[in-house]
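Novice: model this:
(one chain, ligands or ions: 1)
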Amino acid sequence: MNVQNDIFSATQNSYLDRMRALSPAFAERAGHWDRERQYPWQNVQELAQAGLMGMTIPERFGGGGATFLQCAQVVEEAARSCTLTARILVEANMGGISAVMTYGTDAQREFTAPIVLAGDKPAICITEPDAGSAATEMTTTARKKGDHWILNGCKHWITGGGVSKLHLIFARAIDEDGTELGIGGFLVHVDKEKGIDPKGFSVARVERTMGLCGMPEAELHFADLEVADNMVLRTPSGFKRGFADLMNAYNSQRVGAGTISMGVAAGALEHAKRYLLERHQFGRPLAEFQGLQWMIADMDAAVHASRLMLFEAAGSAEWEGNRFPDMMMAARAKAFASEQSIKVVNDALQIFGARGYGNEEPLERMYRDVRMFTIGGGTAQILKTQVAGAVLNIRTPQTRGAYLAD
Ligand SMILES: Cc1cc2nc3c(=O)[nH]c(=O)nc-3n(C[C@H](O)[C@H](O)[C@H](O)COP(=O)(O)OP(=O)(O)OC[C@H]3O[C@@H](n4cnc5c(N)ncnc54)[C@H](O)[C@@H]3O)c2cc1C
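Specialist: Alright, predicted model coming up:
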């Protein structure tokens with residue numbers, strides 16, 4: 001495929017036109033959700049009406065059948081105006097739902113699609129207090145009991161915990177005879193307004209975060225939570241390599257997260273450009289000072305390079321045999337974009353001087369928001385370790401034991 005042509009075919013992306021129509025209102029409301037620490041329900045409703053929640057769901061399940069590349073273009077546009085809303089878009093199109101649409105049974109797809117299309121942002125539940133970067137050290141278990149699985153454990157920093165209706169929970173699957181089968185994905189539906197309140201599922205606490213303030217980051221507890229066997233996401237390699245399959249699906253969310261950070265940086269760059277031309281000091285517009293010109297040139301290059309890498313990764317999902325973005329491309333793009341975006345937004349804030357530090361401009365919010373992306377969805381360090389392994393064509397196990405065994 002011709003990556004260049006695909007990346008620049010944004011003009012043929014009707015989803016992007018719909019997003020552009022919503023953007024000004026989203027930009028106006030962004031400060032409100034941040035100050036009030038409120039989930040942006042109004043934006044979600046408008047996204048759902050515009051067919052952008054679940055745009056990547058195949059048409060036969062009621063979605064738009066958009067590609068990950070088209071979706072990434074929409075995510076960038078959303079992130080320029082409201083980081084929080086862009087995160088919802090990613091998880092309603094590129095996260096757990098894309099795993100279900102690829103690996104799920106028809107019954108699972110028919111069940112989950114309408115929930116997302118109506119406005120749900122599914123939660124993906126991997127991280128535990130003692131299993132962060134070392135995700136495979138998770139201790140949440142799912143024990144088989146007849147035609148059910150019984151889940152016990154705890155997940156923390158779960159985006160949307162308490163708001164999301166669908167949950168894809170990663171747990172160690174254990175057979176009735178005690179045999180450990182591997183890590184699997186278990187679908188849990190919660191909708192208290194409709195009386196769907198599974199026994200043994202609870203939100204234990206919500207974090208107070210520095211940015212992305214309208215999004216709950218929650219600790220979820222599972223105490224003998226029953227999950228029917230038909231809600232197990234059976235991936236192609238079965239439980240044995242289930243974690244690898246599930247993480248393969250997660251590559252789409254990684255590209256989405258990187259794209260949000262790039263979109264925030266692109267938005268900050270636009271603000272900086274405006275201010276450089278507007279603000280005068282020493283009797284001249286700031287834009288005439290070479291020190292600032294070089295800053296803006298570096299910022300522009302960082303955003304452009306990030307966009308190319310991210311959209312290349314998103315587009316790789318369309319290549320023959322790939323259902324999700326290529327792991328190496330997704331890791332490289334997210335690590336690069338997340339680090340560069342922090343620098344770009346920081347420089348944009350600097351260009352505004354004191355005004356950037358205050359809340360009349362959105363820079364201080366964007367700065368707090370963008371800081372997250374080198375952490376959530378795989379830290380920059382862990383992603384670079386993956387990239388190094390691919391570049392050097394070596395295994396990069398991180399445990400002492402694995403090195404000793406090599
Ligand atoms: C806002 C936000 C939203 C999140 N949403 C979700 C979610 O929806 N679902 C979910 O499951 N999780 C979520 N997470 C959790 C996230 O995936 C983890 O924070 C992340 O994987 C890192 O784990 P940790 O925080 O425990 O850090 P640790 O793993 O304890 O790492 C601490 C530091 O050490 C570094 N480090 C660790 N191991 C290595 C190594 N081998 N080599 C080099 N450096 C290393 C890390 O890069 C990091 O800088 C979210 C996190 C945040 C902040």
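
Novice: What residues does this protein have near the ligand?
Specialist: Proximity of the chain to the ligand is confined to 123-127, 132-133, 157-159, 217, 372, 375-379, 381-382, 385, 398 under the rule CB under 6 Å from any ligand atom. In this view, the C-beta of every residue, glycine as well, is placed from N, C-alpha and C.

Novice: The biggest helix by length in the chain: which residues count as buried?
Specialist: With secondary structure taken from DSSP state H, the chain has its longest helix at helix 242-278. Neighbour counts over helix 242-278 (16 or more other CB atoms under 10 Å) mark 242-243, 245-269, 271-273, 275-276 as buried.

Novice: so who does Met19 touch?
Specialist: 50, 52, 74, 77-78 (CB atoms under 8 Å, 6 or more residues apart in numbering).

Novice: The same query, at a cut-off of 7 Å, please.
Specialist: The neighbours of Met19, taking CB atoms under 7 Å, 6 or more residues apart in numbering as the test, are 52, 74, 77-78.

Novice: Next: Ala317.
Specialist: Contacts of Ala317 (CB under 7 Å, 6+ apart): 68, 252, 323-325.

Novice: ok, it to Ala204 distance?
Specialist: For Ala317, the distance to Ala204 (CB to CB, to the nearest Å) stands at 35 Å.

Novice: repeat for Ala266
Specialist: From Ala266 to Ala204 the distance is 37 Å (CB to CB).

Novice: Just give me the closest of the contacts of Ala317 to the ligand.
Specialist: Ser252 (14.1 Å; CB to the nearest ligand atom).

Novice: any idea how far the spatially closest residue to the closest one that is not a sequence neighbour lies from the ligand?
Specialist: What sits nearest to Ser252 in space, not counting adjacent residues and going by CB to CB, 6 or more residues apart in numbering, is Met94, at 4.1 Å. As judged by CB to the nearest ligand atom, to the nearest Å, Met94 and the ligand stand 13 Å apart.

Novice: go on, Ser23?
Specialist: 23 Å.

Novice: looking at this, that residue is in a helix?
Specialist: Yes: counting by DSSP: H, G, I helix; E, B strand; the rest coil, Ser23 is found in a helix.

Novice: quick one, what contacts it?
Specialist: Shown in contact with Ser23 (CB under 7 Å, 6+ apart): 77, 80-81.

Novice: The same query, at a cut-off of 10 Å, please.
Specialist: By CB atoms under 10 Å, 6 or more residues apart in numbering, Ser23 lies in contact with 77-78, 80-82, 85, 267.

Novice: ok, back up a step: ok, so of the contacts of Ala317, who is nearest Arg365?
Specialist: Taking CB to CB as the measure, Ser252 is the one of the contacts of Ala317 closest to Arg365, at 26.6 Å.

Novice: mind listing what the closest one touches?
Specialist: Per CB under 10 Å, 6+ apart, neighbours of Ser252: 56, 68, 71-72, 90, 93-95, 97-99, 102, 313-314, 317, 323-325, 330.

Novice: ok, Gln45 - how many residues close by?
Specialist: Neighbour count of Gln45, defined by other CB atoms under 10 Å: 13.

Novice: coming back round to it: tell me which of the contacts of Ser252 fall in helices.
Specialist: In helices, defined here by DSSP H, the members of the contacts of Ser252 are 68, 71-72, 90, 97-99, 102, 313-314, 330.

Novice: CSV for those, including neighbour count, distance to Glu288 and pLDDT?
Specialist: Compiled in CSV, those are given as follows (neighbours: other CB atoms under 10 Å; distance: CB to CB, whole Å; pLDDT from 0 to 100):
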residue, neighbour count, distance to Glu288, pLDDT
Phe68, 27, 42, 96
Cys71, 29, 40, 97
Ala72, 34, 36, 98
Val90, 28, 39, 98
Ile97, 32, 49, 96
Ser98, 26, 48, 95
Ala99, 26, 51, 96
Thr102, 18, 53, 94
Ala313, 31, 38, 97
Ala314, 31, 38, 97
Ala330, 33, 41, 98
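
Novice: Taking these, tell me the two that lie furthest apart.
Specialist: Longest span within those, CB to CB: Ile97 and Ala313, 18.6 Å.

Novice: State the distance from the closest residue to Leu117 other than its chain neighbours to the ligand.
Specialist: In space, and not counting its chain neighbours, Leu117 is closest to Gly54: 4.3 Å by CB to CB, 6+ apart. Using CB to the nearest ligand atom, one obtains 18 Å as the distance from Gly54 to the ligand.
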